[in-house]
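Undergrad: What follows is a protein structure lacking sequence information:
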Ligand SMILES: C[S@@+](CC[C@H](N)C(=O)[O-])C[C@H]1O[C@@H](n2cnc3c(N)ncnc32)[C@H](O)[C@@H]1O
């Protein structure tokens, strides 16, 4: 496994986290960017979420991969250089790598530094002939992503898990453009491909429990953000003073996660104070549910064309190869 000198330092990350907390908790609708849900504990809780009976996205997307990976691999071609955004445990990556013919390298970008280090050490051990390059960072630093130097050759961007659904429309377009720039950033004039998974609109009865499970794992995942502020930023959140809520926002086609203050309270973070009314919320995550055509239009605006799309029998989830 190769070290990477472009990774963000722990100190840079702490400063960025602190700035986002102060800015987000100072707004009328308090908000915290969902990338901060993923520290070591958050990444472990996310992995537990993927096994929950209510959480259909992971098992549905994996079933699409298992059925269609031979066709995907044929369309991608041999000797791919793979770059993944939000690699997490790399479970789906392994399915992809097993299907590809002679993949050459794998750049894994994730914001969760320790979790990335351990999951990539185990992936590198399992694929000794693959060059594995973990890179700690925020894929929404789009100028940095666009300028990223990737190995020359058959480049493939991989973005499963509907992580794209955490972004707003204008962020999706900027992000997809930055990926295009990163893949085109070579002297050979070769175009890259992009394999992306995205979640589709479905009934609220299925959506809400997927983000508010009976065992309370998603609640623990959401509340861990407050515990993380306490741990890393000298915060004074009483975790029991907040509850988890998942809401379907029909108009914007998204599940929203919120942390709801149980009572009027004031919380200190590293010398700043923030007041909460009873029932006031911190908006912590959006998970967009796309219509196929709507997603295709967003991708087209960023210069991507759909080559092929695979879905499950119930049309719950889609995986597209774009070029
Ligand atoms: C929904 S999980 C998906 C994980 C995995 N790709 C999958 O499909 O199961 C999102 C992943 O992206 C990472 N992540 C979220 N926001 C990020 C950001 N802005 N920059 C880099 N990584 C991010 C998280 O740490 C997490 O591993």
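TA: Happy to help now that I have it. What you see is a predicted model, and the numbers here were worked out from it, not measured in a lab.
Undergrad: Tell me which helix or strand residue 196 sits in.
TA: Element membership for residue 196, per DSSP states H and E: strand 193-199.
Undergrad: buried sites along whichever helix or strand comes after that strand?
TA: Following strand 193-199 in sequence order, the next helix or strand is helix 204-210 (DSSP H and E). Judged by neighbour count using 16 or more other C-beta atoms under 10 Å, the buried positions of helix 204-210 are 207, 209-210. (Glycine included, C-beta is placed from N, CA and C.)
Undergrad: isn't there a helix covering residue 260?
TA: No: Residue 260 is assigned strand when assessed by DSSP: H, G, I helix; E, B strand; the rest coil, not a helix.
Undergrad: Pull the number of nearby residues for it.
TA: 15 (other C-beta atoms under 10 Å).
Undergrad: on that earlier part again, output the contacting helices and strands for the strand holding residue 196.
TA: Secondary-structure packing of strand 193-199 (3 or more C-beta pairs under 8 Å, 6 or more residues apart in numbering; DSSP states H and E): helix 56-76, strand 154-159, helix 169-184, strand 317-322.
Undergrad: For the ligand, find the nearest of these.
TA: Nearest to the ligand, of all these, is helix 56-76, at 6.0 Å by C-beta to the nearest ligand atom.
Undergrad: what pLDDT, on average, does the closest one get?
TA: Helix 56-76 shows a mean pLDDT of 98.
Undergrad: starting at the chain centroid, how far to that helix?
TA: 18 Å (C-alpha atoms, centre = their mean, to the nearest Å).
Undergrad: That helix: what's the following helix or strand?
TA: Following helix 56-76 in sequence, per DSSP H and E, is strand 80-85.
Undergrad: Could you list the buried residues of stretch 151-167?
TA: Of the residues in stretch 151-167, those buried under the neighbour-count criterion (16+ other C-beta under 10 Å) are 151, 153-167.
Undergrad: Likewise for stretch 307-317?
TA: Buried residues in stretch 307-317 (16+ other C-beta under 10 Å): 309-312, 316-317.
Undergrad: Contacts for it, please.
TA: Stretch 307-317 has contacts (C-beta atoms under 8 Å, 6 or more residues apart in numbering) with 56-57, 60-61, 63-64, 67-68, 71-72, 75, 162, 193, 197-200, 202, 206, 292, 318-323.
Undergrad: can you give me the helices for this protein?
TA: 10-25, 40-49, 56-76, 91-99, 113-126, 142-146, 169-184, 204-210, 217-233, 292-301 (DSSP state H).
Undergrad: would you list those helices in CSV and tack on distance to residue 278?
TA: Below are these laid out as CSV (distance: least, C-beta to C-beta, whole Å):
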stretch, distance to residue 278
helix 10-25, 17
helix 40-49, 27
helix 56-76, 33
helix 91-99, 41
helix 113-126, 35
helix 142-146, 39
helix 169-184, 32
helix 204-210, 23
helix 217-233, 17
helix 292-301, 37
